[in-house]
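Undergrad: Provide a 3D model corresponding to the input given below.
(one chain, ligands or ions: 2)
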Amino acid sequence: MSEPSDDPHALPEREFLEEVHSFEFWFQAVEGYLSERPYGHRPSDAPTAPFQGDVEALVTTLCNYCVGETAALEGASGMIGFAPNRQAKIFLATQVVDEARHLEVLLHRMVELGVENPEGKIERRANRGLLTFKQRLLDLVGARAWEAAVFAQNVVLEAMEFTVFEAHARRADPITREVLEGIVKDERRHMGFGQNDLGRRLATTPRLRRQLLEVKNELDSLVLQTFEQTLAEIGMPRSERPELGRDYLAAVARLGLLE
Ligand SMILES: [Fe+2]
Ligand SMILES: [Fe+2]
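TA: Ligands and ions are numbered 1, 2, ... in the order given. Below you'll find the model as predicted:
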């Protein structure tokens, strides 16, 4: 493999994909924001300080995030088995590592907040719409439906996480904020993979657009329902919530896949 370049976008397409889907690229990307941050944040005395705010609401929110991360962890790992090429398989392997880390740091954050058995809480507290979304994603993976699975996972789910985590980080306590900011950086990379893979396929197979629109129409409502609950839990005023829903739809639209 050639040396990682300063601007991979300047490379011819084959070399670009070879580079941005590699572990070398991944190492360079995560080094800056993961080193010296065990469990996603700089060590400090803060985790032992009493949390100011509604702990139960934050724990419920983190439970929902864990469902999303588990969906992506199981989805991405299953997709390696039928990914169309080696570069995609290697990228998905890096995504599996990212999603496993996200799940781990979110569970750890709950322990820091005083939850004794965080995994025992997830199923009971999770939003029903999000659990249905997870099942639908894993159905698509089970059916080895590559384009639909990439769309559900790396576009719909990632765009939702990206929008919600960013909004939450802006109003979270400092530790949760740092954890979420590290996760958002990974999610941006995962969205880029979906955009890149589907963008090239749509260019050569226009009828794929209709299939992806059907997936979007089915999954958007589940995602927006989850939004509503999560944003209420993190204390976002009702008046600001539709804006976030629009941000999600805009994030999907910005990927330029379905106009
Ligand atoms: Fe994630
Ligand atoms: Fe992700």
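Undergrad: Roughly how far does residue 211 sit from ligand 2?
TA: Look at residue 211 and ligand 2: by C-beta to the ion, to the nearest Å, they are 22 Å apart. Where you see a C-beta, it was placed from the backbone N, CA and C, and this is true even at glycine.
Undergrad: how close does that residue get to residue 165?
TA: Separation of residue 211 from residue 165 (C-beta to C-beta, to the nearest Å): 28 Å.
Undergrad: So these two - more neighbours on which side?
TA: The neighbour comparison of residue 211 against residue 165 (other C-beta atoms under 10 Å) goes to residue 165, with 24 against 14.
Undergrad: how about the lengthiest helix in the chain: buried residues?
TA: When the chain is parsed with DSSP state H, its longest helix is helix 174-204. Neighbour counts over helix 174-204 (16 or more other C-beta atoms under 10 Å) mark 175-184, 186-187, 189-191, 193-198, 201-202 as buried.
Undergrad: after that helix comes which helix or strand?
TA: helix 208-233 (DSSP states H and E).
Undergrad: what's in contact with the next helix-or-strand element following that following helix?
TA: Where DSSP H and E defines the elements, the next helix or strand beyond helix 208-233 is helix 241-254. Helix 241-254 has contacts (C-beta atoms under 8 Å, 6 or more residues apart in numbering) with 155-156, 159-160, 162-164, 167, 191, 216, 220, 223-224, 227-228, 231-232, 236, 258-259.
Undergrad: What subset of those residues is buried?
TA: By 16+ other C-beta under 10 Å, the contacts of helix 241-254 give 155-156, 159-160, 162-164, 167, 191, 216, 220, 223-224, 227-228, 231, 236 as buried.
Undergrad: If we check ligand 1, which of those residues are in contact?
TA: The subset of these within reach of ligand 1, by C-beta under 5 Å from the ion, is empty.
Undergrad: Could you measure from residue 128 over to ligand 2?
TA: Distance from residue 128 to ligand 2, by C-beta to the ion: 22 Å.
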